[in-house]
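# Let me see the structure of the following:
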Amino acid sequence: MHLSACNINRNMHHCCLFVNLEFVALRSHEGERDLEHRALRGLLDESACRALLMRYGLAIDWRDRSALERLFWPDAAVDLGFFKGSGAEAPAFLIENANLSLRRCHITTNSCLRFDGDVVFGDSCAITHAVSRTDGQELWSHLFFGRYIDRLERRGAEWRFAARRYLLHGAKSAPYAEDAALSPLTRADDLGPDHPLFDLP
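Just a heads-up that it's a prediction; the model follows:
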C-alpha cells in the first residue's frame with residue numbers, strides 16, 4: 001500500500017495534535033495540584049496563626065511561662081503599655097503580672113489576618129477579666145477591653161510573634177462580691193502548671 005505525502009502529513013499532524021493535547025492536559029493537572037497545594041498550605045498557615053493568638057491568652061491564664069516562651073521570637077518587639085521590651089523578656093513580665101490576680105480570663109475574638117509570604121499582619125480584639133485580692137482580703141474585679149496589633153513571622157516551619165502591641169479601648173475596676181447562689185461552682189483560682197487540671201498542649 002502506498003501512502004501519499006498528503007496522508008503522511010495528515011497523520012503526523014493528528015499525532016502531534018494528540019501529543020500536544022496530552023501535554024496540555026498534564027500541565028493543567030499539575031497546575032491544579034499546585035493550586036490545591038498552595039490552598040492547603042494557606043489554610044494550614046492560617047490555622048497555625050489563629051492558634052498562636054489563642055494560645056497567648058491561655059498561657060497567661062494558666063501562668064505557663066514555657067508556653068509563652070514558645071510564642072515569641074526572642075527579638076520580637078512587644079509593647080503592652082505597662083511593658084515594653086523584647087520577646088525574650090515578655091514572658092517573665094506576663095507571669096509576674098498574672099501572679100497579681102487570683103484568677104484571670106483572656107478572650108480573643110474578631111481576629112483578622114493579612115498574609116504576605118512568611119509575614120502575617122494581625123488585628124484582634126481582646127476582653128480580659130481578672131479577680132484580685134487586696135492586702136485586706138477584699139476582692140476586686142478588673143475588666144479590660146482592647147485589641148492587639150501583631151506581626152507574625154514564619155522562620156523555618158514555625159510561626160511566632162515578631163511584634164505585638166496592645167491598644168486599650170476601656171477598663172473598669174470595682175469591688176467584687178461573689179453571689180452566694182454561685183457557691184456550688186468551682187472557682188478558677190490559682191490556675192498554673194501545678195493545678196490538677198493543667199494540661200495545655
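# Beyond the helix or strand bottoming out on mean pLDDT in the chain, next helix or strand please.
When the helices and strands of the chain are compared on mean pLDDT, DSSP states H and E, helix 5-61 comes out lowest with a mean of 73. Where DSSP states H and E defines the elements, the next helix or strand beyond helix 5-61 is helix 65-69.
# distance between that next one and the chain's centre?
Relative to the chain's own centre, helix 65-69 is displaced by 15 Å; criterion: C-alpha atoms, centre = their mean, to the nearest Å.
# next one: stretch 111-128
On C-alpha atoms, centre = their mean, the centre of stretch 111-128 falls 8 Å from that of its chain.
# Isn't residue 103 up against residue 191?
Yes - using C-beta atoms under 8 Å, residue 103 is in contact with residue 191, at 6.6 Å. For glycine as for every other residue, the C-beta is placed from the backbone atoms N, C-alpha and C.
# Quick check on those two: which one has the bigger neighbour count.
Using other C-beta atoms under 10 Å, the more surrounded residue of residue 103 and residue 191 is residue 191, with 22 against 15.
# Helix or strand for the residue nearest to residue 119 when sequence neighbours are not counted, just tell me which one.
In space, and not counting its chain neighbours, residue 119 is closest to residue 153: 5.6 Å by C-beta to C-beta, 6 or more residues apart in numbering. According to DSSP H and E, residue 153 maps onto strand 139-155.
# Heading C-terminal from that strand, find the next helix or strand.
strand 158-175.
# Alpha carbons of stretch 194-201, as PDB, please.
The C-alpha coordinates for stretch 194-201 follow below in PDB (Å, rounded to 0.1, in the frame of the first residue of the first chain):
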ATOM      1  CA  ASP A 194       0.800  22.700  89.400                       C
ATOM      2  CA  HIS A 195      -3.000  22.800  89.100                       C
ATOM      3  CA  PRO A 196      -4.600  19.300  88.900                       C
ATOM      4  CA  LEU A 197      -6.500  20.300  85.700                       C
ATOM      5  CA  PHE A 198      -3.400  21.800  84.000                       C
ATOM      6  CA  ASP A 199      -3.000  20.200  80.600                       C
ATOM      7  CA  LEU A 200      -2.000  22.700  77.900                       C
ATOM      8  CA  PRO A 201      -0.900  21.500  74.500                       C
END
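# residues in contact with it?
Residues from elsewhere that reach stretch 194-201 (C-beta atoms under 8 Å, 6 or more residues apart in numbering): 55, 58, 59, 62, 64, 67, 191, 192.
# still on that earlier bit, can you give the strand pairings for the strand holding residue 153, parallel or anti for each?
strand 119-133 (antiparallel), strand 158-175 (antiparallel) (DSSP bridges).
# Okay, buried residues for that strand please.
For strand 139-155, a neighbour-count test (16 or more other C-beta atoms under 10 Å) marks 142, 144, 146, 147, 148, 150, 151, 152, 153, 154 as buried.
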